[in-house]
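Asker: Attaching a predicted model along with its sequence, questions to come.
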Amino acid sequence: MMQTIRLTTAQALIRFLNAQYIHIDGNEFPFVEGIFTIFGHGNVLGIGQALEQESGHLKVIQGKNEQGMAHAAIAYSKQMLRQKIYAVTTSVGPGAANLAAAAGTALANQIPVLFLPGDTFATRQPDPVLQQIEQEYSAAVTTNDALKPLSRYWDRITRPEQLMSSLLRAFEVMTDPAKAGPVTICIAQDVEGEAYDYDETFFARRVHYVDRKLPTTRELTGAVALIKASRHPVILVGGGAKYSEAGDILKKLSEKHHIPLVETQAGKATVEYTFANNLGGVGVTGTLAANKIARQADLIIGIGTRYTDFATSSKTAFDFEHGQFLNINVSRSQAYKLDAFQVVADAKVTLEQLASLLEGYTSEFGNQIQELKAEWDQERERLSQITFNRTDFTPEVDNQFDQAALNEYADALQTELPQTTALIAMNESIPADSIIVGSAGSLPGDLQRIWNPSITNTYHLEYGYSCMGYEVSGALGVKLAAPDQEVYSIVGDGSFLMLHSELVTAIQYHHKINIILFDNAGFGCINNLQMENGGGSYLCEFRTRDNRILNIDYAKIAEAYGAKSYKVNNIKQLQDALADAQQQVSSTLIEIKVLPKTMTHGYESWWNVGVAEVSDHESIQRVFAAQQEKLKTAKQY
Ligand SMILES: Cc1ncc(C[n+]2csc(CCOP(=O)(O)OP(=O)(O)O)c2C)c(N)n1
Ligand SMILES: O=C1C[C@@H](O)[C@H](O)[C@@H](O)C1=O
Ligand SMILES: [Mg+2]
């Protein structure tokens, strides 16, 4: 006879989360590490009660902002290579709505995470409850419906027994590398507390097997033929290569067959930059070396990449007329891109099998890979040495601010530090196993170009959604995943202002993070974008109504929360602050005032952005015309 146990829906949920295991490459461990919570009336008496009564092995962390804690959960999963997750529970209404930006982040980046927002009453007896939107055309629509397009799987629980089939679907989705993404299960607040006689077998230890999908003989034969026929193949390392842990075999193949590696943001640090054939980031924010080699490629071997506009320079980075594509990806829809020959399989095993079939093959790049790398390393050296002067300084982003404007910033922020110089100095000062976390603004571009990781999986960039606010929250998630490594949030002033609430959570729970805040008093990269495209400097600088540049004391903000903070405006101070911060046990913030327009720029890249087709500015008309010309050279789809 079936054994049952009487539990509330929320108690059943927590019991189930405790029993989920994942099995990868012979290792088996719990899949759900913990749960972030912000309680409100939509979850405190259901999920809150269940956790208080019996949370099991789950680590329970109180967040400060729903987007922030969800970003921390995403970063945890990303840093754990999608092998473990945190769940996130929120109240109903605004608490749930605050998940939206994070859900988009998880979906675009293909990161598994479990969102558990409360929902309005299933009985509808007290309707409209506090925070119910009361949509006139349907009582069935709640705030949570806004999360549907942002979830890989979405469900609403209005009866306790629905939980069982819903959770099974949820975990199947989250543990499938081809489908990985956010799952949202909305539970009506009255149903969370409602009891049901659950079949006990539902709570038995359940193992989710993640087997590596093997390539077929047809796929392997086709891939080998393409590579052997190619004279100048280039490997594009995407995030899928990192999640598949394909770094070692990538190096082996690259070395043996003399094939250069170029990287996307998500793929960076799958292989360390110190590996001789790694030419770094490619595309809009790519290195000159990677962009030059990409254009020469007659075969692009895309491994676990989504081919976003940044990686492909809006489909101009490659010679589409003469080059072919070979895509290795667990996702069939991703493998289809750019008319590629498709290998729908795990990256690591596919490369291992290819290795044994490519005996005797060598590309015709000769010395070129090393020459391009040396040329780029020299350019990086130049970027590390830039010094400001008050009479004839030419910043990297040229022809936008004149000398007077740059001097005004130097005076207002009391600094002469260029961003590139500071970033490279930091790269060279902190321990090699430190993990850096970033997401939005001008810093991701600089990081992709000039941050040289010498240890794998120490570069954590969320650049699928490039969501401001991820930087600080994400650092907390990364610290949870890698407690023994120093974690650095690399954040602009704009992103910091948008969301840094989880700094408090980091301090509260003694999960040390270091925030490196680059303050250029504005939305710098967007200011570059508007001016580069013929516009003026319009509402992207942080100025008062009487046009004074804002000088905010960010160090004081962090200090008020309880972090150790530093203010620096030269390299020596930065190095001293980094050294001191490393000795601290609690979280730190280093505020670096940097000059605008001193981020990296150019390197034969192009980005297709919407420029006004008609305008009364001649400069915009010129940019529009130039853009139409450039578009003629781009692949259309
Ligand atoms: C949530 C969110 N809102 C808006 C944007 C658009 N956006 C991208 S970068 C940026 C400005 C970033 O400013 P800051 O963090 O100071 O970096 P900077 O470019 O100055 O280095 C904006 C508004 C975004 N990426 N994410
Ligand atoms: O609009 C954007 C422009 C990019 O340069 C920036 O890195 C990104 O955050 C963004 O949203
Ligand atoms: Mg800024």
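Answerer: Noted; the coordinates are in hand. Ligands and ions are numbered 1, 2, ... in the order given.
Asker: low pLDDT regions in this structure?
Answerer: The chain contains no residues with pLDDT under 70.
Asker: cutoff 90 now
Answerer: For the chain, the stretches with pLDDT under 90 are 1.
Asker: Nearest residue to the middle of it?
Answerer: Centroid check for the chain by CA atoms, centre = their mean gives residue 462 as the closest residue, at 1.2 Å.
Asker: Enumerate every residue touching the closest residue to that one other than its chain neighbours.
Answerer: Of all residues beyond its chain neighbours, the one nearest residue 462 is residue 439 (4.4 Å), with distances taken as CB to CB, 6 or more residues apart in numbering. To be clear about C-beta, it is placed using only N, CA and C from the backbone, and glycine gets the same treatment. Taking CB atoms under 8 Å, 6 or more residues apart in numbering, we find residue 439 in contact with 461-463, 466-471, 474, 495.
Asker: With only the CA atoms kept, save stretch 271-281 in CSV.
Answerer: Only the C-alpha atoms of stretch 271-281 are listed here, as CSV (Å, rounded to 0.1, in the frame of the first residue of the first chain):
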residue,chain,number,x,y,z
VAL,A,271,41.8,28.1,-21.3
GLU,A,272,44.2,30.5,-19.6
TYR,A,273,45.6,33.5,-21.6
THR,A,274,49.1,32.3,-20.9
PHE,A,275,48.5,29.4,-23.3
ALA,A,276,50.5,30.4,-26.4
ASN,A,277,47.8,29.9,-29.0
ASN,A,278,45.1,31.8,-27.1
LEU,A,279,44.6,35.2,-28.8
GLY,A,280,41.9,36.3,-26.3
GLY,A,281,38.5,37.9,-26.9
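Asker: can you list contacts of it?
Answerer: Defining contact as CB under 8 Å, 6+ apart, one finds that stretch 271-281 is touched by 237, 247, 250-251, 254-255, 258-265, 268, 286-287, 289-290, 293, 369-370, 372-373, 376, 448-449, 452-456.
Asker: give me the element the residue lying closest to residue 354 once chain neighbours are set aside is part of.
Answerer: Spatial nearest neighbour of residue 354, excluding adjacent residues (CB to CB, 6+ apart): residue 223 at 6.2 Å. Assessed by DSSP states H and E, residue 223 sits inside helix 217-229.
Asker: Any idea how far the helix or strand following that helix is from the middle of the chain?
Answerer: Using DSSP H and E, the helix or strand that follows helix 217-229 towards the C-terminus is strand 233-237. In terms of CA atoms, centre = their mean, to the nearest Å, the gap separating the centre of strand 233-237 from the centre of its chain is 21 Å.
Asker: Each with direction, which strands does strand 233-237 pair with?
Answerer: Here strand 233-237 is paired, per DSSP bridges, with strand 261-263 (parallel), strand 299-303 (parallel).
Asker: is ligand 1 contacted by stretch 495-513?
Answerer: Yes - using CB under 6 Å from any ligand atom, we find that stretch 495-513 touches ligand 1 at residue 495.
Asker: next one: that stretch to chain centre, how far?
Answerer: 18 Å.
Asker: Closest to ligand 3 out of the contacts of residue 439?
Answerer: Checking those against ligand 3 by CB to the ion gives residue 495 as the nearest, at 7.8 Å.
Asker: doesn't residue 440 make contact with the closest one?
Answerer: Yes - using CB atoms under 8 Å, residue 495 is in contact with residue 440, at 5.3 Å.
Asker: quick one: which of the two has more around it?
Answerer: residue 495 (26 against 23; other CB atoms under 10 Å).
Asker: Find the nearest non-adjacent residue to that one, please.
Answerer: residue 468 (4.2 Å).
Asker: same check, this time on residue 220
Answerer: residue 353 (5.9 Å).
Asker: Could you do residue 297 as well?
Answerer: residue 234 (4.0 Å).
Asker: which residues touch that neighbour?
Answerer: Here residue 234 is in contact with 259-262, 293-294, 296-297, 299-301 (criterion: CB under 8 Å, 6+ apart).
Asker: ditto for residue 402
Answerer: Counting by CB under 8 Å, 6+ apart, residue 402 touches no other residue.
Asker: Then residue 501?
Answerer: Neighbouring residues of residue 501 by CB under 8 Å, 6+ apart: 63-65, 68, 472-473.
Asker: quick one: which of these has the most company?
Answerer: Within these, most neighbours by other CB under 10 Å means residue 473, with 35 neighbours.
Asker: near ligand 1, which residues of the stretch 301-450 of the chain?
Answerer: So far as CB under 6 Å from any ligand atom goes, the stretch 301-450 of the chain lies against ligand 1 at 440-443.
Asker: Go again with 8 Å.
Answerer: Residues of the stretch 301-450 of the chain found near ligand 1 (CB under 8 Å from any ligand atom) are 419, 439-443.
Asker: Next: the stretch 501-637 of the chain.
Answerer: Proximity of the stretch 501-637 of the chain to ligand 1 is confined to 518-520, 522-528, 540, 596, 599 under the rule CB under 8 Å from any ligand atom.
Asker: and the spatially closest residue to residue 97 that is not a sequence neighbour, what does it touch?
Answerer: Distances taken as CB to CB, 6+ apart place residue 143 nearest to residue 97, at 5.1 Å, with adjacent residues excluded. By CB under 8 Å, 6+ apart, the contact set of residue 143 is 92-94, 96-97, 117, 131, 133.
Asker: three-state assignment of the residue in the stretch 101-250 of the chain that ligand 3 sits nearest to?
Answerer: Going by CB to the ion, ligand 3 is nearest to residue 101 of the stretch 101-250 of the chain, at 19.0 Å. With DSSP: H, G, I helix; E, B strand; the rest coil as the basis, residue 101 sits in helix.
Asker: check contacts around it.
Answerer: Going by CB under 8 Å, 6+ apart, residue 101 touches 67, 465, 467, 469.
Asker: Also near ligand 1: which of the residues you listed, exactly?
Answerer: Okay, of the contacts of residue 101 touching ligand 1 (CB under 8 Å from any ligand atom), that's 465, 467, 469.
Asker: number of nearby residues for the residue nearest to the second one when sequence neighbours are not counted?
Answerer: This points to residue 467. Closest residue to residue 467 apart from its sequence neighbours, by CB to CB, 6+ apart: residue 105 at 4.7 Å. Residue 105 has 29 neighbouring residues, counting by other CB under 10 Å.
Asker: I'd assumed residue 105 was in a strand, is it?
Answerer: No - the assignment for residue 105 is helix, going by three-state DSSP, so no strand is present there.
Asker: What residues are bridge-paired with residue 195?
Answerer: The partner list for residue 195 in beta bridges (DSSP bridges) reads residue 8.
Asker: How about residue 240, nearest residue that isn't a chain neighbour?
Answerer: Excluding its sequence neighbours, the residue lying closest to residue 240 (CB to CB, 6+ apart) is residue 304, at 1.6 Å.
Asker: my guess is residue 357 contacts residue 225, does it?
Answerer: No - using CB under 8 Å, residue 357 is not in contact with residue 225, being 9.9 Å away.
Asker: Helix, strand, or coil at the residue nearest to residue 495?
Answerer: Once three-state DSSP is applied, residue 468 turns out coil.
Asker: residues touching it, list them.
Answerer: By CB under 8 Å, 6+ apart, the residues touching residue 468 are 439-441, 494-495, 498-499.
Asker: Now tabulate the residues you listed in TSV and tack on distance to ligand 3 and secondary structure.
Answerer: Listed next are the contacts of residue 468 as TSV, based on distance: CB to the ion, whole Å; DSSP: H, G, I helix; E, B strand; the rest coil:
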residue	distance to ligand 3	secondary structure
439	13	coil
440	10	coil
441	6	coil
494	5	helix
495	8	helix
498	11	helix
499	14	coil
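Asker: Now flag whichever of these is closest to residue 50.
Answerer: Nearest to residue 50 among those is residue 499, at 28.5 Å by CB to CB.
Asker: close enough to count as contact, that closest one and residue 467?
Answerer: No - using CB under 8 Å, residue 499 is not in contact with residue 467; the gap is 9.1 Å.
Asker: higher neighbour count, these two?
Answerer: Between residue 499 and residue 467, counted using other CB under 10 Å, the more crowded position is residue 467 (26 against 22).
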